[in-house]
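Colleague: pasting the structure only:
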């Protein structure tokens, strides 16, 4: 390789003069003032240049035409010269690159669609998630009401164990057509709303106001904000069963309803059983009181007192259980979830207009930017390494090329 | 560059004026250099066409601050020619004989001198022959020659002088 050949300290003065003379000879300048040993350079230059074969007219015409046409790409025919075949291979490789670019673009679009779909499905999922948390206790209560009624409000705590023992004996009967108006029914409902961005708190406040207006109570409410600024609310409401439909209608008008469900359970038998147990306990208490009135000896009095205490305790449990069942029939449990709708910008939250389109566009751009950032995180170091490798391989490529001159 | 050429830089990629001027001013020299190096007329035409096509496709990458258009073009042509030589070595094909140019009206002394130079070139070390051909056909300055060869200017000058001295010696012997 040239760089590796000894170069001493550069051309000497004599060599410099010769190089200048050569440059003059190459440009056709007169060599009269040159020293004698340089006068042959013009002849040497002429001889070397004359020895080269002239351009064929046909080749010149063809090349002129290709230059004038801007070197249009054309497939190399089979058996074409090596240069044309290599050019065709190069063009093929460009087609490969174009295909690769198209595939990468398609993958990018798919990624964006997946991300956007995940985003757009997000709020609804969030609402369901909120709803799930809000409703699960309610539905758990509802289902346990059919099998093992759980204690509700204060005062019923002592009835728990006794009720759990009673529960297996009280399977929920299927609703009978002839039950009529005497049937006791427990109704629960769940509602998931998608509020416009930034209006979750407002929708939750309206829901509370509507519940108060219809005579219901808010058992619990919570509004949370996630790390991305999105908020969601979870409310557990109890409304008179008679106004449940009106309540649901009022809540549904507050925002876009993403899901709604109602659950009805017949608790007639459970209520009747509780009522009978209470009546039996009271009858037993009355009987014990009558026995106490007729008791003669202190031992008999003490025994009746002990039995009376047990019966009074059982009466309290039976009363609490009956009260719980009556409340469950009189009030409906409503689980309300409110999530932020990323697409909704209006009050209805269900229309798709310029605002929604802009929101969609921002989501798409955000997704594209995210994908690009992730892609760049891998591509930039690879490109830097590739560039360094390419730069470092330049001497190697030059050496390999010039090795062809070593034959 | 020695040859008087004032080639404007391409202001737009679509501007072919600059490239066509470069093409017309150097196509014969590029072909002569490549043909003298490859000693094969067909391959020389292929490589010449390929060099101009490469230059055309890469003309937007040309940076006048890094050298003249002619030096840039001969760098491309040299790489293409060396690649062709490498390919021939891999395929073990023989380099064909290039028919000698026969200038019309040439006297006997001129014919003898040209024949001696041809023999002298063939006897040169391939690297020295390539240097002579590049310098004589491309007519590059020593700085441009160094850029094409990838060496320092003084290095290029020294080697060019050595190649000239060697050419003179073998030509004298041949004559």
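Modeller: Great, that's in hand. Nothing here was measured: the structure is a model prediction, and the numbers come from that model.
Colleague: drop to CA atoms for contacts and neighbour counts, all remaining ones
Modeller: Noted.
Colleague: Quick check, central residue of chain B?
Modeller: residue B:33 (3.3 Å; Cα atoms, centre = their mean).
Colleague: which secondary structure element contains that one?
Modeller: helix B:17-38 (DSSP states H and E).
Colleague: list the buried ones in that helix?
Modeller: B:18-20, B:22-23, B:26-38 (16 or more other Cα atoms under 10 Å in any protein chain shown).
Colleague: Go back to the residues you listed and keep what's next to chain A.
Modeller: Counting by Cα under 8 Å from any Cα of the partner chain, the subset of the buried residues of helix B:17-38 that neighbours chain A consists of B:20, B:28, B:31, B:32, B:33, B:35, B:36.
Colleague: going on from the least confident helix or strand in chain A by mean pLDDT, what's the next piece of helix or strand?
Modeller: Ranked by mean pLDDT, DSSP states H and E, the weakest helix or strand in chain A is helix A:160-166, scoring a mean of 36. Later in the chain than helix A:160-166, the nearest helix or strand by DSSP H and E is strand A:185-196.
Colleague: And that next one, what does it pack against?
Modeller: helix A:82-147, helix A:244-252, strand A:256-266, helix A:298-330, strand A:331-341 (3 or more Cα pairs under 8 Å, 6 or more residues apart in numbering or on different chains; DSSP states H and E).
Colleague: go again using 7 Å as the cut-off
Modeller: Secondary-structure packing of strand A:185-196 (3 or more Cα pairs under 7 Å, 6 or more residues apart in numbering or on different chains; DSSP states H and E): helix A:82-147, strand A:256-266, helix A:298-330, strand A:331-341.
Colleague: Check these for me: which has the lowest mean pLDDT.
Modeller: In terms of average pLDDT, helix A:82-147 trails the rest of the helices and strands packed on strand A:185-196, at a mean of 54.
Colleague: what ranges of chain B fall below the confidence cut-off?
Modeller: B:1-15, B:90-106, B:173-175 (pLDDT under 70).
Colleague: how far is the helix holding residue B:33 from where the chain is centred?
Modeller: 9 Å (Cα atoms, centre = their mean, to the nearest Å).
Colleague: Name the residues of the helix or strand where residue A:43 lies that come out as buried.
Modeller: Here residue A:43, judged by DSSP H and E, is contained in helix A:40-51. Of the residues in helix A:40-51, A:41, A:42, A:44, A:45, A:46, A:47, A:48, A:49, A:50, A:51 count as buried by neighbour count, 16+ other Cα under 10 Å.
Colleague: out of the residues you listed, which touch chain B?
Modeller: A:45, A:47, A:48, A:49, A:50, A:51 (Cα under 7 Å from any Cα of the partner chain).
Colleague: Now flag whichever of these is closest to residue A:270.
Modeller: Within those, the smallest distance to residue A:270 is 116.5 Å, found for residue A:49 (Cα to Cα).
Colleague: Please list all residues in contact with that closest one.
Modeller: B:136, B:137 (Cα atoms under 7 Å, 6 or more residues apart in numbering or on different chains).
Colleague: Tell me the buried residues in the host helix or strand of residue A:283?
Modeller: Of the helices and strands defined by DSSP H and E, residue A:283 is found in helix A:268-294. Going by neighbour count (16+ other Cα under 10 Å), the buried part of helix A:268-294 is A:268-271, A:273-275, A:277-278, A:281-282, A:284-285, A:288, A:292.
Colleague: same thing with stretch B:161-169?
Modeller: B:161, B:163, B:164, B:166, B:167, B:168.
Colleague: and the gap between the nearest residue to the first one once chain neighbours are set aside and residue A:406?
Modeller: Nearest non-adjacent residue to residue B:161, counting by Cα to Cα, 6 or more residues apart in numbering or on different chains: residue A:15, 6.2 Å away. If you measure residue A:15 against residue A:406 using Cα to Cα, to the nearest Å, the figure is 26 Å.
Colleague: out of the two, which sits in the busier spot?
Modeller: Of the pair residue A:15 and residue A:406, residue A:15 is the one with more neighbours under other Cα atoms under 10 Å in any protein chain shown, namely 16 against 10.
Colleague: Would you double-check that that one falls in a strand?
Modeller: No - counting by DSSP: H, G, I helix; E, B strand; the rest coil, residue A:15 is not found in a strand; it is helix.
Colleague: Test for you: state the pLDDT assigned to it.
Modeller: 82.
Colleague: what angle separates the helix holding residue A:43 from helix B:17-38?
Modeller: Inter-element angle recorded for helix A:40-51 and helix B:17-38: 90 degrees (by axes from the mean of the first three to the mean of the last three Cα atoms, to 10 degrees).
Colleague: can you pull the buried residues of the helix or strand just after helix A:40-51?
Modeller: Next in sequence after helix A:40-51, counting helices and strands by DSSP H and E, comes helix A:57-68. Within helix A:57-68, the residues that count as buried by 16+ other Cα under 10 Å are A:63, A:64, A:66, A:67.
Colleague: What of stretch A:363-371?
Modeller: A:363, A:364, A:367, A:368, A:371.
Colleague: Mind checking the pLDDT average for it?
Modeller: 92.
Colleague: returning to what we had before: next SSE downstream of the helix holding residue B:33?
Modeller: helix B:41-57.
Colleague: other SSEs contacting that next one?
Modeller: Counting by 3+ Cα pairs under 7 Å, 6+ apart, helix B:41-57 packs on helix A:82-147, helix B:17-38, helix B:69-91.
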